[in-house]
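Trainee: Coordinates only, no sequence provided:
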């Protein structure tokens, strides 16, 4: 009898190895790694599509691709970068760090965690497969506006199903994050003692649960318009295509903050660590993050100033959009104040965090320009808008993700990356990202429309510069992959005090230190 019990016990504790370990894992570190590797693959797929776009725009005239395929590339590039690269990367960082930072053994719902991840590869396989249809992939832009999204071939139902799956993954992940943070903190860690990274993720998770079902509703109505004879968005049947824009952007604007709030948390962790000072204004950072999240739901129609809304509506959306700059400005002020008179050192994570602050602020200022209704009539649907949101999302979200990987890699792996190669990666990336996106402000102000594969010759010079920058930026990321490979393969172990005095500062400096029963903050084995 006792032998049978031991057999059952052994079976219960048998951990699969090889591929099955990764497919069946419920360990938050394994799942975090899966998210991060998946995100890296999607970055390169989406980046390759961006290079097709920039190669076509290198000079006027049609060279490489036909206009229809060009529009498919602009659509797929955006969907893959947003839902396949940036969001999974942040979820991967959340999976790795949230349990460690709050002193929890794992995420609250480990099997749900596994399922949340494994939905993604299937959803993106389906999305990418549409490029091989006879009718081609979606060409309506990532916003999927009707009537463009109601025409064409058979790709749209596949795109809609894949977006539904991505939304399910995001909502399940968000439920898991909220359940973990609210229920599994170490004893004594009150909400106002949590590290800022945890706060930004808690708020982001609520945004995800509020926003993703709105997108699901919008694309389901598209589906029924296309295949079931409804006319939500077809004017001939009494519908209104502008209603789609309202519903879409009611999701779309909170989504922008879903893509940037975790980045704020990362920067609020790294800046104090390398300034060797406590984060300035912890409470105001929490309240600023929460107010950004709340305001993000009442500014959606600033994407729609040109649809012909009433003047009162335009003024309301203009003023609320400008108001959202205030809590964002509070965060930038607090980061700068944290560095003031600190013992700063400039390792790779700190360099990326500093570039984040400077370049994200440029994106913020161009956002303020776009918020002004009369000016927006000039800027709308030009490359100025493209420049604006890429300054927010590339030197913003993407730089924060890269900074986080450099910062936590020694903690995750026990191995130290090459600092000199990291700094080379930083300078190449930062120079080329500006060479790529800064000229777009100028062609946009001069009136060059976006999503168009050809353009008049007066825009040729700036477009050539931007295309060269894009290829430089893309190739620079191969160095990042080499640095990761090199770090994992070599035997340079990171010592306990990996950041020379900044060790463990996500515990002690980004928030009041938590009280718990551990002798010191739990470390990753």
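Mentor: That came in fine, so what should we check first? No experiment lies behind these values; they were computed from the predicted model shown.
Trainee: which residue ranges form the helices in the stretch 301-450 of the chain?
Mentor: Here the stretch 301-450 of the chain has its helices, by DSSP state H, counting those that start in this stretch, at 311-323, 325-339, 348-371, 373-379, 383-392, 399-413, 419-445.
Trainee: Any idea which of these gets closest to residue 51?
Mentor: helix 419-445 (10.7 Å; CB to CB). Just so you know, the C-beta spots here come from the backbone N, C-alpha and C atoms, and that holds for glycine as well.
Trainee: Now that closest one: buried residues?
Mentor: By neighbour count with 16 or more other CB atoms under 10 Å, helix 419-445 contains the buried residues 421-422, 425-426, 428-430, 432-444.
Trainee: Which helix runs longest in this protein?
Mentor: Longest helix in the chain by number of residues (criterion: DSSP state H): helix 196-227.
Trainee: any idea of the mean pLDDT in that helix?
Mentor: Across helix 196-227, pLDDT averages out at 97.
Trainee: repeat for stretch 34-54
Mentor: 98.
Trainee: Need the residues that contact that stretch.
Mentor: For stretch 34-54, the surrounding residues in contact (CB atoms under 8 Å, 6 or more residues apart in numbering) are 22, 25, 64-65, 70, 73-74, 76-77, 80-81, 84-86, 88-89, 91-93, 95-96, 117, 120-121, 124, 128, 398, 401, 405, 436, 466-467, 470-471, 474, 477, 481.
Trainee: what distance separates stretch 470-481 from the middle of the whole chain?
Mentor: Put simply, stretch 470-481 sits 18 Å off its chain's centre (CA atoms, centre = their mean, to the nearest Å).
Trainee: Between helix 383-392 and the next helix or strand after the longest helix of the chain, find me the angle.
Mentor: Using DSSP states H and E, the helix or strand that follows helix 196-227 in sequence is helix 241-258. Orientation check (axes from the mean of the first three to the mean of the last three CA atoms, to 10 degrees): helix 241-258 against helix 383-392 gives 30 degrees.
Trainee: which residues of the stretch 301-450 of the chain score low on pLDDT?
Mentor: Along the stretch 301-450 of the chain, the model assigns pLDDT under 70 to no residue.
Trainee: one more time with 90
Mentor: 411, 414 (pLDDT under 90).
Trainee: Which residue lies nearest the spatial centre of the protein?
Mentor: residue 86 (3.1 Å; CA atoms, centre = their mean).
Trainee: What subset of the contacts of stretch 34-54 is buried?
Mentor: So, by 16+ other CB under 10 Å, the buried ones in the contacts of stretch 34-54 are 22, 25, 65, 70, 73-74, 76-77, 80-81, 84-86, 88-89, 91-93, 95-96, 117, 120, 124, 128, 398, 401, 405, 436, 466-467, 470-471, 474, 477.
Trainee: mind listing which of the residues you listed are in helices?
Mentor: 22, 70, 73-74, 76-77, 88-89, 91-93, 95-96, 117, 120, 124, 128, 401, 405, 436, 466-467, 470-471, 474, 477.
Trainee: doesn't residue 127 make contact with residue 162?
Mentor: Yes. Residue 162 lies in contact with residue 127 (CB atoms under 8 Å); the separation is 4.1 Å.
Trainee: and the residue nearest to residue 368 when sequence neighbours are not counted, how many neighbours does it have?
Mentor: Once flanking residues are discounted, residue 368 sits nearest to residue 325: 5.7 Å by CB to CB, 6 or more residues apart in numbering. Neighbourhood size, residue 325 [other CB atoms under 10 Å]: 17.
Trainee: In contact with residue 325, which residues are there?
Mentor: 364, 367, 368, 371.
Trainee: Among those residues, give me the pair with the biggest separation.
Mentor: The most widely separated members of the contacts of residue 325, counting by CB to CB, are 364 and 371 (10.3 Å).
Trainee: Those two: which has the busier surroundings?
Mentor: residue 371 (21 against 18).
Trainee: Can you name the residues that contact the nearest residue to the more buried one once chain neighbours are set aside?
Mentor: Excluding the flanking residues, the one nearest residue 371 by CB to CB, 6+ apart is residue 321, at 3.9 Å. For residue 321, the contact set (CB under 8 Å, 6+ apart) comprises 299, 302, 367, 371.
Trainee: Closest one of those residues to residue 413?
Mentor: Nearest to residue 413 out of those is residue 367 (CB to CB; 37.0 Å).
Trainee: who's in contact with that closest one?
Mentor: Residue 367 neighbours (CB under 8 Å, 6+ apart): 321, 325, 388, 392.
Trainee: Buried residues, stretch 209-219. List them.
Mentor: For stretch 209-219, a neighbour-count test (16+ other CB under 10 Å) marks 209, 210, 211, 212, 214, 215, 216, 218, 219 as buried.
Trainee: Any stretches of the stretch 101-250 of the chain with poor pLDDT?
Mentor: Ranges of the stretch 101-250 of the chain meeting pLDDT under 90: 134-136, 150-154.
Trainee: hmm, try it at 70
Mentor: Along the stretch 101-250 of the chain, the model assigns pLDDT under 70 to residues 152.
Trainee: Quick check: the gap between residue 439 and residue 468.
Mentor: Using CB to CB, to the nearest Å, we find residue 439 at a distance of 10 Å from residue 468.
Trainee: picking up where we left off before, what I need now is the buried residues of stretch 209-219 written out in CSV, including distance to residue 273 for each item.
Mentor: Shown next, in CSV, are the buried residues of stretch 209-219 (distance: CB to CB, whole Å):
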residue, distance to residue 273
209, 31
210, 32
211, 31
212, 32
214, 37
215, 36
216, 39
218, 41
219, 41
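Trainee: one step back: nearest to residue 280 among the contacts of residue 325?
Mentor: Nearest to residue 280 among the contacts of residue 325, counting by CB to CB, is residue 364 at 19.1 Å.
Trainee: just checking, that closest one touches residue 396?
Mentor: No. Judged on CB under 8 Å, residue 364 makes no contact with residue 396 at a distance of 9.1 Å.
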